[in-house]
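A.B. asks: Can you look at this prediction? I've put the sequence above it.
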Amino acid sequence: MVLDLSVGTQTYVEDCEVCCAPIAVTYAVEDGGIAAFCASAG
């Protein structure tokens, strides 16, 4: 999974590379690093 750290906060749905099930991804970037990350079955 590749995250775009140029975006402050992002939420999106990505398909699993193995089984194609949706994954809800939410993350926040602070000072150029990941401050929060959550991935759950979508």
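C.D. replies: Perfect, thanks for sending it.
A.B. asks: which SSE is Glu17 in?
C.D. replies: For Glu17, there is no enclosing helix or strand under DSSP states H and E.
A.B. asks: what pairs with the spatially most central residue of the chain across the strands?
C.D. replies: Geometric centre of the chain, nearest residue: Val25, 3.6 Å, by C-alpha atoms, centre = their mean. Val25 has these beta-bridge partners by DSSP bridges: Tyr12, Ala39.
A.B. asks: isn't it right next to Ala36, touching?
C.D. replies: No. Counting by C-beta atoms under 8 Å, Val25 does not reach Ala36; the two are 11.4 Å apart. All C-beta spots, glycine's among them, are computed from the backbone N, C-alpha and C.
A.B. asks: ok, now which ones touch Asp15?
C.D. replies: Ala21, Pro22, Ile23 (C-beta atoms under 8 Å, 6 or more residues apart in numbering).
A.B. asks: Redo the residues you listed as CSV? Include distance to Val29 and secondary structure.
C.D. replies: Formatted as CSV, those follow (distance: C-beta to C-beta, whole Å; DSSP: H, G, I helix; E, B strand; the rest coil):
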residue, distance to Val29, secondary structure
Ala21, 26, coil
Pro22, 23, strand
Ile23, 19, strand
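A.B. asks: Of those, just say which sits nearest to Val13.
C.D. replies: Pro22 (5.0 Å; C-beta to C-beta).
A.B. asks: Distance check, the closest one against Asp15.
C.D. replies: Relative to Asp15, Pro22 is positioned 6 Å away (C-beta to C-beta, to the nearest Å).
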